[in-house]
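what follows is a predicted structure for the sequence shown.
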Amino acid sequence: MNILAIETSCDETALSIIEIDNFDKPPFGMKVLSDLVISQINVHAEYGGVFPALAKREHAKNLVPLFTQVVQESKIKLTTKEYSEDVVKNILERESELFDALIEYTKQNGIPTIDMIMVTHGPGLTPALWVGVNFARALSEICNAPIIPVNHMEGHITSILLRDDYKNQTNVLYPLETFQFPLLALLISGGHTQLVLVKNWGEYEIIGETIDDAVGEAFDKVARILGMEYPGGPKISRAGEDAIPDTSINLPRPMIHSGDYRFSFSGLKTAVRYLVENLKKEKGEKLDHQIIANIAREFECAVTEVLIKKTKQAIEEYNIKGLIIAGGVAANNFITESFKIVVNDYDIPLYLPLKKLSGDNSLMIATAGVINYWKKKETIDKEKITAIGNLKLS
Ligand code: KG4
Ligand code: ZN
């Protein structure tokens, strides 16, 4: 069975085609036939962040060329089935460019043998999500394939299941039966900061989240204050590596003593702004590399200490058997190295995604979709699926 996975929740347009032997028993004989991402980073960099209307336009522009490529790379068969152009036109009435490109594709190439479509329907930027959802609906009509809606955050959680060299594996997932529950997932991305209790695959409970900025958002905003381009997370991370101990730079650890699982990072970003303003008054407009490195590291320390404090509390309260850290910020070495010490103390395993799968991608959507279908055997009617910007895990 060939499955297409679609991810368009933020600023990456991602498509992959996987093959599954069965849905009865893990590891399902899951293979990756093709997997591609187009990043919009350069388009958004000049605005200093992701601009939803622009993200939607870019997804609409990128989807058919990317689809052409994943179908080609996957070497799946193409047929000459009939479908209703009117139904597709209706579905893509607001994306006429996408409609024209898709119809042209089927006329030139035929209909790819896709048996199921998995698509992110939330959370994320609503206009960006809708493009992916409508693309899935159109392909559902064209390929006569059912749709599985996927929660983007479940995608991040299940991203840790993909093996190191998944490209060459006939079973790309780690054995699901080796995981002990409950697991705790610390999800740190550009849009979310959540502690999620994973009671079993497909069973989640959010036990705490940020009340304002997400960790990745704080990284990006602090990077901007320090004069780095969007997305600043990786740049802060690199700058921090050059830091030397500097007791004159001190940032707050917001809500570290709140006793609950809520986070807040907006005040931390403001504290960096004041710190930088004061330093500039003292030392001149251009701060030197060393000071920037020291601020970056102190910021990473502040974030990490808060994350660790709350995570430890949850590990103890819920008798956690393993820790997952996922989302774009899971690429941060300082954070992950610090957590390696924590899990060692509790003698529990730490599960991290591969670096290249920590950011948004469609393989994690395929993985979450496969797990969901295995557990629930539910698909959704293409008329009923909607994009839900603030979709919650449950
Ligand atoms: O999961 P993701 O790709 O997109 C969302 O779902 O939001 O996360 C993107 C976020 C951005 O804020 C980016 O700056 C951050 O992940 N990020 C990092 C690093 N790499 C990416 N933050 C800190 N250190 C990194 N190495
Ligand atoms: Zn994400």
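Received it, and whenever you're ready, just let me know what you need. Quantities reported herein were computed from a predicted structural model and do not represent experimental measurements. Ligands and ions are numbered 1, 2, ... in the order given.

can you tell me how far the closest residue to residue 141 other than its chain neighbours is from ligand 2?
Leaving aside its sequence neighbours, residue 141 sits nearest to residue 87 (C-beta to C-beta, 6 or more residues apart in numbering; 4.9 Å). Just so you know, the C-beta spots here come from the backbone N, C-alpha and C atoms, and that holds for glycine as well. According to C-beta to the ion, to the nearest Å, residue 87 stands 31 Å off from ligand 2.

and residue 87, helix, strand or coil?
At residue 87, secondary structure determined by DSSP: H, G, I helix; E, B strand; the rest coil is helix.

ok, the residue in the stretch 251-394 of the chain positioned nearest to ligand 1 to ligand 2 distance?
Per C-beta to the nearest ligand atom, residue 328 is where the stretch 251-394 of the chain lies closest to ligand 1, at 2.0 Å. Using C-beta to the ion, residue 328 is found at 6 Å from ligand 2.

who's in contact with that residue?
Going by C-beta atoms under 8 Å, 6 or more residues apart in numbering, residue 328 touches 188-190, 216, 231, 233, 358-360.

can I get those in TSV including neighbour count, distance to residue 368 and pLDDT?
Output for these, formatted as TSV (neighbours: other C-beta atoms under 10 Å; distance: C-beta to C-beta, whole Å; pLDDT from 0 to 100):
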residue	neighbour count	distance to residue 368	pLDDT
188	29	17	98
189	24	14	96
190	24	18	94
216	25	19	96
231	25	23	87
233	25	23	95
358	24	15	97
359	27	15	96
360	28	13	97
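
ok, and which of these reach ligand 1?
189-190, 216, 231, 233, 359-360 (C-beta under 6 Å from any ligand atom).

would JSON lines of the residues you listed with distance to ligand 2 and secondary structure be doable?
Formatted as JSON lines, those follow (distance: C-beta to the ion, whole Å; DSSP: H, G, I helix; E, B strand; the rest coil):
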{"residue": "189", "distance to ligand 2": "4", "secondary structure": "coil"}
{"residue": "190", "distance to ligand 2": "7", "secondary structure": "coil"}
{"residue": "216", "distance to ligand 2": "8", "secondary structure": "helix"}
{"residue": "231", "distance to ligand 2": "12", "secondary structure": "coil"}
{"residue": "233", "distance to ligand 2": "12", "secondary structure": "helix"}
{"residue": "359", "distance to ligand 2": "7", "secondary structure": "coil"}
{"residue": "360", "distance to ligand 2": "4", "secondary structure": "coil"}
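
farthest pair in the residues you listed?
Taking C-beta to C-beta, the two most distant members of the ones next to ligand 1 among the contacts of residue 328 are 233 and 360; they sit 13.0 Å apart.

how is residue 185 assigned, secondary-structure-wise?
Here residue 185 is recorded as strand under three-state DSSP.

just checking, it touches residue 196?
Yes. Using C-beta atoms under 8 Å, residue 185 is in contact with residue 196, at 4.3 Å.

what's the overlap in contacts for these two?
By C-beta under 8 Å, 6+ apart, residue 185 and residue 196 have these common neighbours: 157, 204.

can you report phi and psi for the residue nearest to residue 6 when sequence neighbours are not counted?
Nearest non-adjacent residue to residue 6, counting by C-beta to C-beta, 6+ apart: residue 119, 4.3 Å away. Phi and psi for residue 119, reported as degrees, to the nearest 10, are phi -140, psi 140.

and residue 119, what are its bridge partners?
Residue 119 forms beta bridges with residue 6, residue 149, as assigned by DSSP bridges.

check contacts around it.
5-7, 132-133, 135-136, 147-150, 365, 385.

helix, strand, or coil at residue 260?
Applying three-state DSSP to residue 260 yields a three-state assignment of coil.

for the nearest residue to residue 171 once chain neighbours are set aside, grab the count of nearby residues.
Spatially, and ignoring its direct neighbours in sequence, residue 171 is nearest to residue 27 (4.2 Å; C-beta to C-beta, 6+ apart). Residues near residue 27, counting by other C-beta atoms under 10 Å, number 19.

quick one: classify residue 27 as helix, strand or coil.
Under three-state DSSP, residue 27 comes out as coil.

hmm, residue 175 and it touching each other?
Yes. Counting by C-beta under 8 Å, residue 175 is a contact partner of residue 27 at 6.4 Å.

distance check, residue 340 against residue 189.
Residue 340 sits 20 Å away from residue 189, going by C-beta to C-beta, to the nearest Å.

also residue 346?
From residue 346 over to residue 189 the distance is 24 Å, taken as C-beta to C-beta.

same thing with residue 5?
18 Å.

likewise residue 26?
Relative to residue 189, and taking C-beta to C-beta, residue 26 is found at 26 Å.

for residue 139, phi and psi?
Torsion angles, degrees, to the nearest 10, at residue 139: phi -70, psi -30.

wait, it touches residue 113, no?
No. Using C-beta under 8 Å, residue 139 is not in contact with residue 113, being 12.0 Å away.
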